[in-house]
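**Q** coordinates only, sequence not included:
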């Protein structure tokens, strides 16, 4: 199983990517192709004891900036991101991991790998911590404006992904709304609600924002605008809570002493809400495996994104996803968008 890693994508490339690759190779035995400026990447790689690790370097002369538009990014045919996706297309790698421009990653995946049959719009899924473990939220940024059949497709894709990543036999699928009553929501969510009730999945109906973290659903379905707000709000809240706790602990000796006694518990809590522990977010619906990571990813986040990529590719998730789409008649719904 080979993973093509965009070594030049992200805010701290290539240091973070190279270190993450080394960690993944040591911990998971991953075969990794670092794609980017060979001279720069090899210089960074030389800082680690990686001579005996299954890490290879593939030359790519261009870099896609974080602020570049997808259309401009697509014109860079020798960018590290494009070359990484080309490796998957040509069968030289099984998956792509990139912490670069997410819009460019989605566009590149659509052009190079294409969509799975029956999928109208691929979606970005992410795993978030809850009181009962974790849940999958999608879409978190790829599709700002959606129609009901798009949301229905997201539900099917999220259902399959949750089975793989959360190891749930029958994930509970919920539709994010502003209330649990049948009359709540918009025209789009109400129509989507009607579709989801007819699909062969464990649909639990509407859920509210607080239900996400309560763990009342294993899959949370929403459009990319709402999903991105949920994601960024939760990241900001987790960061703010950590800083507020630190401020309060530093205010008194007693609080500091209490922290020392509870340090292990605080460590477990920090790990549970740390996005880097959950790996990257898959581009669900593309005919291949593409994982995107946060632009400010740490080496640990890259390591876990590589793990997720391996699990997704080795488990044959796309084959299962394609089968679910056909059984759910989502292909017919997708054709309505044409």
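**A** Ah, there it is. These numbers were taken from a predicted model, which means no experiment stands behind them. Numbering: from 1, shown residues only.
**Q** Which strand or helix spans residue 44?
**A** Using DSSP states H and E, residue 44 sits in helix 38-45.
**Q** Now do the helix or strand following that helix: which elements does it pack against?
**A** Past helix 38-45, further along toward the C-terminus, the next helix or strand under DSSP H and E is strand 55-59. Here strand 55-59 touches helix 15-28, strand 31-36, helix 38-45, helix 80-89, going by 3 or more Cβ pairs under 8 Å, 6 or more residues apart in numbering; DSSP states H and E. Quick note: C-beta positions are derived from backbone N, CA and C, even for glycine.
**Q** Dump those into TSV; add mean neighbour count, mean pLDDT and distance to residue 210 as well.
**A** Formatted as TSV, the helices and strands packed on strand 55-59 follow (neighbours: other Cβ atoms under 10 Å; pLDDT from 0 to 100; distance: least, Cβ to Cβ, whole Å):
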stretch	mean neighbour count	mean pLDDT	distance to residue 210
helix 15-28	22	95	34
strand 31-36	26	96	40
helix 38-45	17	95	44
helix 80-89	25	96	37
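**Q** which one of the ones you listed lies closest to residue 325?
**A** Closest to residue 325 of the helices and strands packed on strand 55-59, according to Cβ to Cβ: helix 80-89, at 20.7 Å.
**Q** Can you pull out the residues in contact with the closest one?
**A** Outside helix 80-89, the residues that touch it by Cβ atoms under 8 Å, 6 or more residues apart in numbering are 4-9, 33, 35-37, 58-60, 62-64, 73-74, 76, 93-96, 98, 100-101, 104-105, 108-109, 112-113, 288-290.
**Q** I'd like to know which of these are buried.
**A** Buried members of the contacts of helix 80-89, counted by 16 or more other Cβ atoms under 10 Å: 4-9, 33, 35-37, 58, 60, 62-64, 73-74, 76, 93-96, 98, 100-101, 104-105, 108-109, 112-113, 288-290.
**Q** Inside helices: which ones of these?
**A** 73, 74, 104, 105, 108, 109, 112 (DSSP state H).
**Q** Tell me the one of those residues nearest residue 160?
**A** residue 109 (17.6 Å).
**Q** Pretty sure the closest one sits against residue 288.
**A** Yes. Look at residue 109 against residue 288 with Cβ atoms under 8 Å: they come within range, at 7.0 Å.
**Q** what residues do those two have in common as contacts?
**A** Residues touching both residue 109 and residue 288 (Cβ under 8 Å, 6+ apart) are 85, 96.
**Q** tell me the contacts of the most centrally placed residue in the chain?
**A** Nearest to the geometric centre of the chain sits residue 281, at 0.6 Å (Cα atoms, centre = their mean). Residues in contact with residue 281 (Cβ under 8 Å, 6+ apart) are 124, 125, 126, 127, 140, 291, 292, 293.
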